[in-house]
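Novice: Please find the sequence and the predicted model below.
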Amino acid sequence: MIEAMAEEDLKTELERLRAENEALKTQRRGSPTSMKVSEKGAVSVYGLGRFPVTLYQEQWGKLLGMAEEIKTFIAENKDRLKTKEV
């Protein structure tokens with residue numbers, strides 16, 4: 001009797017995990033870019049790749065201030081840069 005209950009619990013948990021896994025896969029494929037405040041108080045941007053891009057606000061400010069410089073650099077090095085489907 002106990003074994004039958006344990007087996008049923010395992011089956012239920014397995015189905016729950018399968019459904020959760022499928023939902024995460026679907027979410028990842030069409031996930032828009034989003035932002036969160038990390039545990040350490042930084043800004044994390046999700047949806048650009050496998051892992052979030054996390055920088056503190058001063059770092060984001062510096063990076064955003066370099067936007068034109070980054071665009072120029074990318075344009076100048078376009079022939080050496082690879083692209084990746086997002």
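Specialist: Thanks, I have the structure now.
Novice: In terms of secondary structure, what does the one helix or strand residue 18 maps to contact?
Specialist: Using DSSP states H and E, residue 18 falls within helix 2-29. The helices and strands touching helix 2-29, judged by 3 or more C-beta pairs under 8 Å, 6 or more residues apart in numbering; DSSP states H and E, number zero. Every C-beta, even on glycine, is put in place using the N, C-alpha and C of the backbone.
Novice: pLDDT on the strand or helix carrying residue 74, on average?
Specialist: Per DSSP H and E, residue 74 falls inside helix 67-76. Averaged over helix 67-76, pLDDT sits at 97.
Novice: coming back round to it: what's the first helix or strand after the helix holding residue 18?
Specialist: Next along from helix 2-29, by DSSP H and E: strand 34-37.
Novice: got the contact list for that following strand?
Specialist: 43, 44, 45, 46, 47, 52 (C-beta atoms under 8 Å, 6 or more residues apart in numbering).
Novice: May I have that strand exported as CSV, CA atoms only?
Specialist: C-alpha atoms of strand 34-37 as CSV (Å, rounded to 0.1, in the frame of the first residue of the first chain):
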residue,chain,number,x,y,z
SER,A,34,12.9,41.9,-19.5
MET,A,35,14.6,43.5,-16.6
LYS,A,36,14.9,42.8,-12.9
VAL,A,37,16.8,44.1,-9.9
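Novice: That strand: what's the following helix or strand?
Specialist: With DSSP H and E, the next secondary element past strand 34-37 is strand 43-46.
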